[in-house]
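Engineer: model this:
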Amino acid sequence: MAEVAYCMKCKEKREMKDTQEVTMKNGRKALKGKCNVCGTGMYKILGK
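Structural biologist: Coordinates of the predicted model:
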């Protein structure tokens with residue numbers, strides 16, 4: 001299950017690796033991972 005998110009460095013939607021589900025300060029859930037191409041940290045905010 002490869003999650004796709006927008007990479008700010010590549011300026012494209014890329015697959016994330018090493019994903020983990022985290023809870024942000026405001027209580028919402030998000031996926032945190034790294035870009036497969038450049039290794040930049042990426043977030044994808046999940047629905048409620």
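Engineer: and residue 41, how far is that from residue 19?
Structural biologist: In this view, residue 41 and residue 19 are 11 Å apart by Cβ to Cβ, to the nearest Å. In this view, the C-beta of every residue, glycine as well, is placed from N, C-alpha and C.
Engineer: quick one: pLDDT of residue 1?
Structural biologist: pLDDT, residue 1: 61.
Engineer: And the one 5 residues further on, by the same measure?
Structural biologist: Residue 6 carries a pLDDT value of 94.
Engineer: Look at residue 41 and residue 19 and report which has more neighbours.
Structural biologist: The neighbour comparison of residue 41 against residue 19 (other Cβ atoms under 10 Å) goes to residue 19, with 17 against 13.
Engineer: wait, the more buried one sits on residue 33?
Structural biologist: Yes: counting by Cβ atoms under 8 Å, residue 33 is a contact partner of residue 19 at 3.9 Å.
Engineer: overlap in contacts of these two?
Structural biologist: Taking Cβ atoms under 8 Å, 6 or more residues apart in numbering as the criterion, residue 19 and residue 33 both touch residue 3.
Engineer: Name the secondary structure element that contains the residue nearest the centre of the chain.
Structural biologist: Closest to where the C-alpha atoms of the chain average out (Cα atoms, centre = their mean) is residue 43, at 3.1 Å. Using DSSP states H and E, residue 43 sits in strand 41-45.
Engineer: Parallel or antiparallel, which strands does that strand pair with?
Structural biologist: strand 29-35 (antiparallel) (DSSP bridges).
Engineer: Straight-line length of stretch 7-18, end to end?
Structural biologist: Start to finish, the residues bounding stretch 7-18 are 15 Å apart (Cα to Cα, to the nearest Å).
Engineer: Equivalent analysis for stretch 28-48, please.
Structural biologist: Separation of the first and last residues of stretch 28-48 by Cα to Cα is 7 Å.
Engineer: ok, and for that stretch, which residues are buried?
Structural biologist: Counting neighbours by 16 or more other Cβ atoms under 10 Å, one finds that the buried residues in stretch 28-48 are 31, 32, 33, 34, 35, 42.
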